[in-house]
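Asker: Provided below for reference: sequence and predicted model.
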Amino acid sequence: MRNIAPYEIYAIRYGTHAARRAHENFIGGDPHDDAPMPLDYFLWAIVGRDRVFVVDTGFDETMGRRRGREFLFAPDETLRAVGVDPGAVEDVIITHLHYDHCGNHDLFPRARYHLQEREMQYATGRCMCHAPLRGAFEADDVVAMVRRVHAGRVAFHDGDAELAPGVSVHHVGGHTMGLQVVRVWTQRGWVVVASDASHLYANMEQGRPFPIVYSVAEMLEGHARAYALADSANHVVPGHDPEVTRRYPAARRGLEDRAVRLDLAPSVPREPARPGAR
Ligand SMILES: [Zn+2]
Ligand SMILES: [Zn+2]
């Protein structure tokens, strides 16, 4: 691996759901557990010497209002602030098609979109007849992806795929049928951008799945897979945990609350997790 040039990874925080309650974040959460447990919303940029990958595209202000989420910072502005020009991005990886991961349809006009085949099947097939399964999807997002397919702008993957030396996608399913995580070679080793394979550190560390789920079994296996793909528990980055912005160094001064570097070590390491041990 030593001959692969390491990538930088930026977590771009663009939204929050401050009113979230703890019991809403776990299957079987006790309704009396009413303590605040906010979710943050992120997309990610993987920046190499000569290639850039954006992971997920977030939602916009209108969608945030509609969904009762607070839209904090325009992701395209933050991307520019860390040196990524959205108009020049050629590869976007979509972890899954939930509204908070694939909006802002026109932000990356030159990009090819990398998606698991099973995610498209899920978002356009019979599972969407069930309200609990389609709740986090927006038909317009799915239609936008269908249009990209017909414009020749989607690269479908089935399982694991290397997109470049040091950047690969891995199907884990669970949260949705076709959820994929992204593994990246960095100066501190293999980092896994887990997206919604684990919303919060607590989901994967305690083996307590998030309640929006296609398959609980796959979701639990997905926690283990994310750990297995990474160099340590400190190399797995959950998709919605406000701790991420607190634990990782800012991309630069002034961006502390909106862009942090995941290729650098966290200031407060996680306790080593033992997936499957509970
Ligand atoms: Zn999701
Ligand atoms: Zn999400």
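Answerer: Good, I have the coordinates. Ligands and ions are numbered 1, 2, ... in the order given.
Asker: how about the strands in the stretch 1-150 of the chain?
Answerer: For the stretch 1-150 of the chain, strands defined by DSSP state E, counting those that start in this stretch occupy the ranges 8-17, 39-47, 52-55, 70-71, 91-93, 112-116.
Asker: for these, which one sits closest to residue 258?
Answerer: strand 8-17 (5.0 Å; C-beta to C-beta). Just so you know, the C-beta spots here come from the backbone N, C-alpha and C atoms, and that holds for glycine as well.
Asker: quick one: that closest one to strand 39-47, angle?
Answerer: Counting by axes from the mean of the first three to the mean of the last three C-alpha atoms, to 10 degrees, strand 8-17 lies at 160 degrees to strand 39-47.
Asker: other SSEs contacting strand 8-17?
Answerer: Applying 3 or more C-beta pairs under 8 Å, 6 or more residues apart in numbering; DSSP states H and E, one finds that strand 8-17 contacts strand 39-47, strand 70-71, helix 75-81, strand 180-186, helix 243-247, strand 259-261.
Asker: mind listing the strands the longest one pairs with, and their directions?
Answerer: Using DSSP bridges, the neighbouring strands of strand 39-47 in the sheet come out as strand 8-17 (antiparallel), strand 52-55 (antiparallel).
Asker: show me the contacts for whatever residue of the stretch 101-250 of the chain ends up closest to ligand 2.
Answerer: Per C-beta to the ion, the residue of the stretch 101-250 of the chain with the smallest distance to ligand 2 is residue 196, at 4.5 Å. Going by C-beta atoms under 8 Å, 6 or more residues apart in numbering, residue 196 touches 95-96, 98, 101, 175-176, 179, 210, 239-240.
Asker: if we go to 10 Å?
Answerer: Taking C-beta atoms under 10 Å, 6 or more residues apart in numbering, we find residue 196 in contact with 56, 95-96, 98, 100-101, 136, 172, 174-176, 179, 181, 203, 210, 212-213, 219, 222, 238-240.
Asker: that older thread, got TSV for the helices and strands packed on strand 8-17, with mean pLDDT too?
Answerer: Shown next, in TSV, are the helices and strands packed on strand 8-17 (pLDDT from 0 to 100):
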stretch	mean pLDDT
strand 39-47	98
strand 70-71	98
helix 75-81	98
strand 180-186	98
helix 243-247	97
strand 259-261	98
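Asker: any chance of a markdown table for the ones you listed, columns mean neighbour count and distance to ligand 2?
Answerer: As requested, the helices and strands packed on strand 8-17 are exported to a markdown table (neighbours: other C-beta atoms under 10 Å; distance: least, C-beta to the ion, whole Å):
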| stretch | mean neighbour count | distance to ligand 2 |
| --- | --- | --- |
| strand 39-47 | 24 | 7 |
| strand 70-71 | 18 | 14 |
| helix 75-81 | 20 | 14 |
| strand 180-186 | 24 | 13 |
| helix 243-247 | 17 | 13 |
| strand 259-261 | 23 | 18 |
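Asker: residue 265 and residue 98, how far apart?
Answerer: Remark: distance between residue 265 and residue 98 (C-beta to C-beta, to the nearest Å) = 30 Å.
Asker: those two: who's more crowded?
Answerer: residue 98 (25 against 14; other C-beta atoms under 10 Å).
Asker: spatially nearest residue to that one, not counting backbone neighbours?
Answerer: Distances taken as C-beta to C-beta, 6 or more residues apart in numbering place residue 136 nearest to residue 98, at 4.3 Å, with adjacent residues excluded.
Asker: burial measure for the one you found, as a count.
Answerer: 17.
Asker: pLDDT value on it, please?
Answerer: pLDDT recorded at residue 136 is 97.
Asker: surely it and residue 199 touch.
Answerer: No: counting by C-beta atoms under 10 Å, residue 136 does not reach residue 199; the two are 11.5 Å apart.
Asker: joint contacts of the two?
Answerer: With C-beta under 10 Å, 6+ apart, residue 136 and residue 199 have common neighbours 175, 212.
Asker: measure the residue of the stretch 101-250 of the chain closest to ligand 2 to residue 238 for me?
Answerer: 9 Å.
Asker: and ligand 1, which of the contacts of residue 196 contact it?
Answerer: residue 98 (C-beta under 5 Å from the ion).
Asker: on that earlier part again, so for residue 185, which of the strands paired with strand 39-47 sits nearest?
Answerer: strand 8-17 (10.1 Å).
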